[in-house]
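Engineer: got a predicted model here, sequence first, then my questions.
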Amino acid sequence: MKTARIVSTGSYLPGVPLSNADMERLAGPVPDDILEGIQVKQRHWLIDPETGAHLESNSDLASKAAKEALELGGVDASEVDLIVLSTASPEYHLPPLVTFVQDRLGLERCATVEIRSGCCGYVEAMDVARMYLERGEYDTALVIGSEAISPLLYPIFRDKDPESIRMRDRVVVYGFGDAGAAALLRAFDDGEGFLGSAMACVGGGRKAGMQVIGGGTHAPLHEQLAAKRLVELKVDVIESGKFTPYVLTEALAAILARTGAAAESIDLCLIPEGNAPYMTDELREAGLLTPEWLALEPKIFENLALVGATGSAAAPLCLDHAWKTGKVKQGDRVMLLAIETSKWKYAGTVFPWTAAPHPAGTPLAGAGAEPRSR
């Protein structure tokens with residue numbers, strides 16, 4: 001069996017950073033304690049926040065991130081024979097977004113897979129790609145996470161007095177950003193590869209923690225067209241804070257068991273929102289501060305403050321940032337773990353960092369503030 005290794009990463013953030021002051025002007029103020037919980041200091045949107053006009057598309061973000069990964073890996077696009085992409089905000093129901101990325105890379109023929117699992121979708125996508133490479137069916141894979149969330153946010157504050165917007169809607173506007181990020185994987189005949197993975201949906205029978213409603217087949221289209229907003233992003237912030245620690249605890253135990261890795265052996269733990277103050281507080285209150293979590297907590301790295309919640313792009317953005325800032329080095333053992341609150345899914349994997357040191361002089365997407373690392 002071959003081994004799959006990461007050669008390089010890439011990322012792309014649209015437009016200019018939007019500050020919390022920008023959000024206050026658009027959607028009204030949010031109390032300081034809530035801002036601290038959200039953590040986000042800036043985010044990037046592909047829309048014009050003043051008019052709602054689309055300045056770029058989701059496929060733009062994904063393609064630009066993929067091209068940077070190829071450039072930094074020294075690999076020509078023609079060598080890519082597999083693209084696995086995760087997004088929860090495709091441009092169309094069909095064709096899949098991944099096929100537009102294929103077009104933009106100039107590939108007439110390529111194996112493509114698209115996954116729709118929100119935040120944990122990227123980790124699932126990486127697992128799919130690495131298993132294909134390990135089986136020897138493909139040699140070079142791009143694994144992409146990309147989201148265009150701002151088009152769902154604009155209707156919340158469009159043509160409204162910011163003071164009239166409900167606090168729960170303001171929190172949503174402040175929390176999300178758009179982004180694309182990618183990793184380039186190649187198959188090798190020897191050497192250490194991925195140690196394994198774990199994933200599960202543990203939300204059976206539970207109410208969804210987040211939903212994107214509209215434009216689907218859940219109700220007659222004429223009824224949907226009569227709704228206040230055709231597509232609406234709903235987030236249960238309170239339930240997310242309460243139940244996410246339980247999902248995280250199970251996820252952590254599962255990934256360590258599946259990979260045979262000890263928590264102490266992990267050099268860098270990438271968990272989007274892993275440093276959120278509510279996370280440790282809720283873990284402590286629930287009695288879930290396990291020895292494994294305590295061993296990993298000082299090694300957690302994430303860049304939520306710089307980019308906002310970016311769904312499928314969150315995990316690869318964090319990975320890309322770690323590489324470009326030298327936080328992860330060749331030989332490090334990395335855990336990548338993501339939680340999706342829409343129906344309470346998790347996905348995690350452990351692998352050795354195999355990419356060469358990042359080329360000097362390449363600009364870092366989203367630069368402007370330090371990512372959080374305990």
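Structural biologist: That came through, no problem.
Engineer: sheet partners, orientation included, of the host helix or strand of residue 269?
Structural biologist: Secondary structure assignment for residue 269, by DSSP states H and E: strand 268-270. Sheet pairing here is set by DSSP bridges, and for strand 268-270 it gives strand 300-302 (parallel), strand 333-340 (parallel).
Engineer: following element in sequence after the shortest one, please.
Structural biologist: Using DSSP H and E, the helix or strand that follows strand 300-302 towards the C-terminus is helix 304-307.
Engineer: helix or strand right after that following helix?
Structural biologist: Heading C-terminal from helix 304-307 (DSSP H and E), you reach helix 314-324.
Engineer: pLDDT weak spots in the stretch 1-150 of the chain?
Structural biologist: Scanning the stretch 1-150 of the chain for pLDDT under 70 picks out nothing.
Engineer: which residues in it form strands?
Structural biologist: Remark: strands of the stretch 1-150 of the chain, listed N- to C-terminal, are 3-12, 18-19, 42-43, 82-86, 111-115, 140-147; assignment by DSSP state E, counting those that start in this stretch.
Engineer: deepest in the core, which of the ones you listed is it.
Structural biologist: Ranked by mean neighbour count under mean count of other C-beta atoms under 10 Å, the strands of the stretch 1-150 of the chain are led by strand 140-147, which reaches a mean of 30. In this view, the C-beta of every residue, glycine as well, is placed from N, C-alpha and C.
Engineer: and the longest helix for the chain?
Structural biologist: With residue count as the measure and DSSP state H as the assignment, the chain has helix 237-259 as its longest helix.
Engineer: got a list of contacts for it?
Structural biologist: The set of residues that contact helix 237-259 without belonging to it, under C-beta atoms under 8 Å, 6 or more residues apart in numbering, is 168, 171, 195-198, 200, 202, 206-207, 209-210, 261-263, 271, 278-279, 282-283, 286, 288, 290, 292-293, 296, 335, 337, 339, 341, 344, 346-350.
Engineer: only whichever of these are buried, select them in ChimeraX.
Structural biologist: To isolate the buried ones among the contacts of helix 237-259 in ChimeraX, judged by 16 or more other C-beta atoms under 10 Å, type:
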select :171,195,196,197,198,200,202,209,210,261,263,271,278,279,282,283,288,292,293,296,335,337,339,341,344,346,347,348,349,350
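Engineer: circling back to that earlier point, list the buried ones in the longest helix of the chain?
Structural biologist: Counting neighbours by 16+ other C-beta under 10 Å, one finds that the buried residues in helix 237-259 are 237, 239-241, 243-245, 247-252, 254-256, 258-259.
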